[in-house]
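A.B. asks: Sharing a model prediction with you, sequence too.
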Amino acid sequence: MSRQEARDILARRVAQLRQESYESLKAKWLDRPDGEQVSGDSGKEYGVEVQAFWDDPRDPGNLRVVVSVGDSLLPPTGGFIVAPDGRFVGE
């Protein structure tokens, strides 16, 4: 696995997810982690996992979306937190 290629895939997938609405992210990913295979520029296949969960389970509202790429023990990981009104939290 190329760590740089995995980071590039991660950045693209996070950017794609940031274009989705709060409601769409919640419907697709909340408590439903899922994996997909993505081809890197080199042609190598990478496993991409997307999951979403409440940022504070005691106070549901803000949704944390996490993406990881690769099959290593510590894969590159990124994500964001989105509020119900669509704004990104902590940025």
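C.D. replies: Looks like it came in fine. Numbering: from 1, shown residues only.

A.B. asks: Need the single longest strand in this protein, by residues.
C.D. replies: What stands out as the longest strand in the chain, according to DSSP state E, is strand 45-54.

A.B. asks: Below-threshold pLDDT in this protein: ranges please.
C.D. replies: Counting by pLDDT under 70, the chain has no low-confidence residues at all.

A.B. asks: Please enumerate the strands of it.
C.D. replies: Assigned by DSSP E, the strands in the chain fall at 34-39, 45-54, 63-69, 77-82.

A.B. asks: got JSON lines for those strands, with mean neighbour count and distance to Arg18 too?
C.D. replies: Every C-beta, even on glycine, is put in place using the N, C-alpha and C of the backbone. Formatted as JSON lines, the strands of the chain follow (neighbours: other CB atoms under 10 Å; distance: least, CB to CB, whole Å):
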{"stretch": "strand 34-39", "mean neighbour count": "11", "distance to Arg18": "17"}
{"stretch": "strand 45-54", "mean neighbour count": "18", "distance to Arg18": "12"}
{"stretch": "strand 63-69", "mean neighbour count": "22", "distance to Arg18": "8"}
{"stretch": "strand 77-82", "mean neighbour count": "17", "distance to Arg18": "6"}
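
A.B. asks: What's the separation between the residue nearest the centre of the chain and Asp85?
C.D. replies: Residue closest to the average C-alpha location in the chain (CA atoms, centre = their mean): Val67, at 2.9 Å. According to CB to CB, to the nearest Å, Val67 and Asp85 sit 22 Å apart.

A.B. asks: Over to Asp56?
C.D. replies: Taking CB to CB, one finds Asp56 at 16 Å from Asp85.

A.B. asks: Quick check: chain neighbours aside, which residue is closest to Ile9?
C.D. replies: Ranked by CB to CB, 6 or more residues apart in numbering and with sequence neighbours excluded, the top spatial neighbour of Ile9 is Val69, at 5.0 Å.
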